[in-house]
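*Asks:* Fold the following for me, if possible:
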Amino acid sequence: MMGDQPDITARARRFPPWLKKRIPSQGEAAEVSRLLAELKLATVCSRAHCPNLPECYARGTATFLILGDSCTRSCRFCAIEKAAPGPLRDDEPEAVAEASARLGLRHVVITSVTRDDLPDGGAAHFARTIRAVRARLPQAIIEVLTPDFRGAEAAIDAVLAARPDLFNHNVETVPRLYATVRPEADYRRSLGVLAYAKRRATAGGMTVYTKSGLMVGLGETADEVRTCLADLRAAGCDILTMGQYLAPSSAHLPVVRFVEPAEFAAWEAEARALGFAAVAAGPFVRSSYQAETVFSTRKA
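*Replies:* The predicted model follows:
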C-alpha cells in the first residue's frame, strides 16, 4: 500500500516552505503495509492520498476504511474513487479488530466511504466493527468518522448503540462552497447529524465526544470560517480539526490559497475560546491525524 501514497517530494517544490515534510524511514511503515495487505484492509491514508501516510504508518498507526474502497458520491476534493460499490465484506469487522490488536493501538479510528446504496448507509457494519474491536481491545478508545447517512436518525442510533468513544462527522467546508466541493452533501444536514448524535448520546447516559473537521484554502472567507465554527459549537461539537486543503491531483479542485501556520494558530485560539474541548489546527492536520494526541488534550 505504500505505493499508493502521493508523490509528496515531487509536489513539494510547488508548496510553500511550511508544507515541505521529511519522509520518515520505511521500517515500521513497511510492517504496517504488510499487515494491511495480509488482512486485505484499506485505509483512508492510502485511498485518500493523505500527505501524512508515511509518518502515521511509521508510528505504527493507520485509519481503517470500511464498507469498501469506492464511493457513491463524487466530492471534488477527495481522491477516493467514485464507482458502483461491491458487496460488504462479512469478515471485515474481525479483520479490523485483528489489525488493531496486532498493531497494539490504544486509539482506533474507523472511517468509511459513503454508501448511499445501502438502506442503512452501512451503519450496522460500523456497529459490528466497533463491537469487534471492543472485544479484542476493551481499553482502547474507539473513534468513528462516519458519512452523513442521509440524515437518517436510525442509522446514527445504530452506530451509537455500539458505544464508540468519539463520533466524528466532517462538515469539510463552509456552506457557500458545498455546491462546488461536495455537491451531494448538505451543510445543515451534516450539522444535524452531529447535533443528533450528541443529543442522543447524552439522553442515553453515554459519554460520547462529537468531532468534526474543516478544510481551508478552498476560497472561504474568514467570516465564513468563523460562522462555521459557531455553528459547530451550537450543534454540540466537542472537538475540531482544521487543516490545509491539498489537491490530490490536477483533476481535483485547485488550492485557492495556502494558509500560513500563524493563521492556523490564530484559528486554534479562536476555536478554543468558543469552547471546543480540544482543537487541532495546522497545515497537515487531518480528521484522524494524531487522533490519540488530540483526544488526550481535551478539557472537561
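*Asks:* Can you show me the CA trace of the helix or strand where V225 lies as PDB?
*Replies:* Assigned by DSSP states H and E, V225 belongs to helix 222-234. Output of helix 222-234 as PDB, limited to C-alpha atoms (Å, rounded to 0.1, in the frame of the first residue of the first chain):
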ATOM      1  CA  ALA A 222     -12.600  34.400   7.500                       C
ATOM      2  CA  ASP A 223     -16.200  35.400   8.300                       C
ATOM      3  CA  GLU A 224     -17.400  32.200   6.800                       C
ATOM      4  CA  VAL A 225     -15.000  30.100   8.800                       C
ATOM      5  CA  ARG A 226     -16.000  32.000  11.900                       C
ATOM      6  CA  THR A 227     -19.700  31.300  11.300                       C
ATOM      7  CA  CYS A 228     -18.900  27.600  10.700                       C
ATOM      8  CA  LEU A 229     -17.100  27.300  14.000                       C
ATOM      9  CA  ALA A 230     -20.000  28.900  15.800                       C
ATOM     10  CA  ASP A 231     -22.400  26.500  14.000                       C
ATOM     11  CA  LEU A 232     -20.400  23.500  15.100                       C
ATOM     12  CA  ARG A 233     -20.400  24.600  18.700                       C
ATOM     13  CA  ALA A 234     -24.100  25.300  18.500                       C
END
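*Asks:* Flag every buried residue along the helix or strand A179 falls within.
*Replies:* Using DSSP H and E, A179 maps to helix 178-181. Of all the residues in helix 178-181, those buried under the rule 16 or more other Cβ atoms under 10 Å are Y178, V181. Using the backbone N, CA and C atoms, a C-beta is placed for each residue, glycine as well.
*Asks:* Which residues does the helix or strand that it is followed by contact?
*Replies:* Once the chain leaves helix 178-181, the next helix or strand it forms, by DSSP H and E, is helix 187-203. For helix 187-203, the surrounding residues in contact (Cβ atoms under 8 Å, 6 or more residues apart in numbering) are 146, 148-151, 153, 156-157, 159-160, 167, 169-172, 174-175, 178, 207-208, 210, 212, 231-232, 234-238.
*Asks:* Same question for stretch 231-238.
*Replies:* Contacts for stretch 231-238 (Cβ under 8 Å, 6+ apart): 171, 191-192, 194-195, 198-199, 209-212, 240, 274-278, 298.
*Asks:* now the helices: where do they sit in the stretch 51-200 of the chain?
*Replies:* 53-58, 92-103, 123-136, 153-161, 178-181, 187-203 (DSSP state H, counting those that start in this stretch).
*Asks:* Out of those helices, name the one with the poorest average pLDDT.
*Replies:* Sorting the helices of the stretch 51-200 of the chain by mean pLDDT places helix 53-58 lowest, at a mean of 88.
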